[in-house]
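[1] need a structure here:
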Amino acid sequence: MGPMYRGQWDVGALAGRTGHRTTTPLLASAQRDMSSHQEKVSASRKNAFMLSYSMYRSREHLNSKTERHPMSSILITTLGKARKSDNGRYREITYRFADGFTYTSSFFLLALLKYREKLQQAPEHILIMGTASSMWDALLEMTPMDNTALAEKLLAETDAGAVQPETLSELSKELSAVLGYDISCQLIPLGRDAAEQAGILRIMAAETPEKASVCLDVTHGLRILPLLELLAVIYLQQVRQAQVSDLFYGAADLARENDGIAPVIRLDYVLQLFKWLSTLPIADETGRYDALAELMTGRPELAQALRAHSLHLRTNQTIAAQESAENIVALLEEPFADPVAELYRPILQGKFNWRKGDDLASWQILSARSALRAGDFLRCVILLREARVSLALPPGQQSNQAARDKKLSELNRETDRTDELLNEIRNCLAHASSPETRSAISRDVQQLLQNENRLRDVLNGIADDLYKRHKEYRS
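    Numbering: from 1, shown residues only. Here you go, the predicted structure:
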């Protein structure tokens, strides 16, 4: 018999229907257990039944009136295990969202779904995760399904702490049919070791559609799960190209301090922090400061300055890079309104200390060191060769191209081992070729190109020597 989502809500469908089928001893026991706390849960069950109908109708309305967004969406939540002192159920509580919307429920998922529907952001998919001992039977309160066999089996398995995947597969189909969502109930391990923790993330990835928009609910479940769900913010982006757009926590533990109302906390700060954690190291190692521009919300001038600086660095426009670095540092004097960006502002300010050099030679040497730290050997060698020319000129002539060309010709007639080494390395890197071994320099370079640590040491030594000479010239 199909689900009863269009007619009357029949509470008896969950505990056996007298005169409809023979009541088994197990089901009779379930009836007695449920009736013992019927007064406490009847109100929440009634609300849940009415919610299932309203969700079905509003979902039906959304599907018929609204064009489907090309990006799929999923809400991921977890199911825990309530204390026996609470009759094996979460406490019914009123949740209040930031815009004042409130909803009373014993299961935060219901309040969150209702809130998302109000915003016309209802998910297409819902993933409910829990262990074999989670209170899966609480989901029966979400729907008045007319499937007593499933209700009986789910109640028995929940009491035994041994809910089976096959049972949850049936439950998923029933919930999906009644509520109008694609609902997947999945068993997860307890997360006792790395293998089980990886298994939880693997289940989340398998259930998340490619390039989906993800909403995470970290309210219920084992305490380890919110930590894993935070890691899922990055993991799902990497393996499914998904974007975690919302992170919610229904703070029932704060209700006592808030007149019995549980505030709903949005953890967008965490999502923004993850963006900084993943973007800043890349910008620092590669010089791609334009990646940070996307994080400069409300600061278009700073975003443009970062893009310009990134281009100047990658095209070896050292003077322009120094000027754009000065501009960035000046703009960073103004605090960010975004608390996450403000957290990183002192770190950003320290990324441009190389600009403090007093002439082109020092900027080139310091930029070469930065390139070497990032593993950009070609750029490092180019800057070191140019720094040698700059050091041979007075500060006022270092940016004069005619003076530089003349001095370069002179230096080429009076080369030393460092000149020859830098020139040979540059030729090999620029022309993507291996050095010939006819000369001692060529043989040395061939060995250097087979040993990254040795190559770094040699280039660092040259940079140190040039910087020491620069200090001597300017003293």
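
[2] how about the chain, which residue sits the furthest from its center?
    Distance from the C-alpha centroid of the chain peaks at residue 413, with 55.9 Å (CA atoms, centre = their mean).

[3] what's the mean pLDDT across the helix or strand containing residue 410?
    In this structure, residue 410 sits in helix 401-413 according to DSSP states H and E. Helix 401-413 shows a mean pLDDT of 89.

[4] which positions in it come out as buried?
    For helix 401-413, burial by neighbour count (16 or more other CB atoms under 10 Å) applies to 403, 404, 407, 411. Bear in mind the C-beta positions are built from the backbone N, C-alpha and C, glycine included.

[5] what's the farthest-apart pair in the residues you listed?
    Pairwise distances across these peak at 12.4 Å for 403 and 411 (criterion: CB to CB).

[6] related to what we said a few turns ago, out of the buried residues of helix 401-413, who's nearest residue 381?
    Looking across the buried residues of helix 401-413 and measuring by CB to CB, the closest to residue 381 is residue 411, at 15.5 Å.

[7] so who does that closest one touch?
    By CB atoms under 8 Å, 6 or more residues apart in numbering, residue 411 lies in contact with 388, 389, 392, 419.

[8] ok, and what's touching stretch 414-422?
    By CB under 8 Å, 6+ apart, the residues outside stretch 414-422 that reach it are 381, 384-385, 388, 411-412, 423, 441, 444-445, 458, 462, 465.

[9] let's see 6 Å
    For stretch 414-422, contacts defined as CB atoms under 6 Å, 6 or more residues apart in numbering pick out 381, 384, 385, 441, 462.

[10] quick one: low-confidence parts of the stretch 301-450 of the chain?
    435, 437 (pLDDT under 70).

[11] over to the stretch 1-150 of the chain?
    In the stretch 1-150 of the chain, residues with pLDDT under 70: 1-70, 82-89, 143-145.

[12] which non-adjacent residue is nearest residue 458?
    With CB to CB, 6 or more residues apart in numbering as the criterion, residue 458 has its nearest non-adjacent residue at 6.2 Å, and that residue is residue 448.

[13] distance check, the one you found against residue 442.
    As judged by CB to CB, to the nearest Å, residue 448 and residue 442 stand 11 Å apart.

[14] what do you get for residue 239?
    Per CB to CB, residue 239 is found 45 Å from residue 442.

[15] quick one, domains of the chain?
    The chain breaks down into these structural domains: 11-266, 292-354, 357-475 (assignment by automatic domain parsing).

[16] what's the closest of the ones you listed to residue 282?
    Here domain 292-354 is closest among these (CB to CB), at 9.2 Å.

[17] over to that closest one now: how far is its first residue from its last?
    Distance between the boundary residues of domain 292-354 (CA to CA, to the nearest Å) amounts to 19 Å.

[18] just stretch 288-304 next, same as before
    End-to-end distance (CA to CA), stretch 288-304: 13 Å.

[19] check stretch 130-142 too.
    Stretch 130-142: ends 16 Å apart by CA to CA.

[20] please report how far the residue farthest from the centre of the chain lies from residue 420.
    13 Å.

[21] got it, and residue 116?
    Using CB to CB, one gets 68 Å for the distance from residue 116 to residue 420.

[22] just to revisit the earlier point, number of nearby residues for the residue nearest to residue 458?
    As a burial measure, residue 448 scores 21 neighbours (other CB atoms under 10 Å).

[23] residue 384 now?
    Using other CB under 10 Å, residue 384 is surrounded by 25 other residues.

[24] same question for residue 222.
    So residue 222, with other CB under 10 Å, has 18 neighbours.

[25] show me the contacts for it.
    Contacts of residue 222 (CB under 6 Å, 6+ apart): none.

[26] SS state for it?
    State at residue 222, reduced to three classes by DSSP: H, G, I helix; E, B strand; the rest coil: coil.

[27] same deal with the one 10 residues further on?
    Three states are possible here, and by three-state DSSP the one that applies to residue 232 is helix.

[28] surely it and residue 204 touch.
    Yes. Assessed by CB atoms under 6 Å, residue 232 is found in contact with residue 204 at 5.3 Å.

[29] between these two, which one's more packed in?
    Taking other CB under 10 Å, residue 232 and residue 204 do not tie; residue 204 has more neighbours (26 against 23).

[30] so which elements touch the helix or strand where that one lies?
    Using DSSP H and E, residue 204 maps to helix 194-207. Helix 194-207 is packed against helix 224-240, with contacts defined by 3 or more CB pairs under 6 Å, 6 or more residues apart in numbering; DSSP states H and E.

[31] and with 7 Å instead?
    In terms of contacts (3 or more CB pairs under 7 Å, 6 or more residues apart in numbering; DSSP states H and E), helix 194-207 is packed against strand 182-187, helix 224-240.
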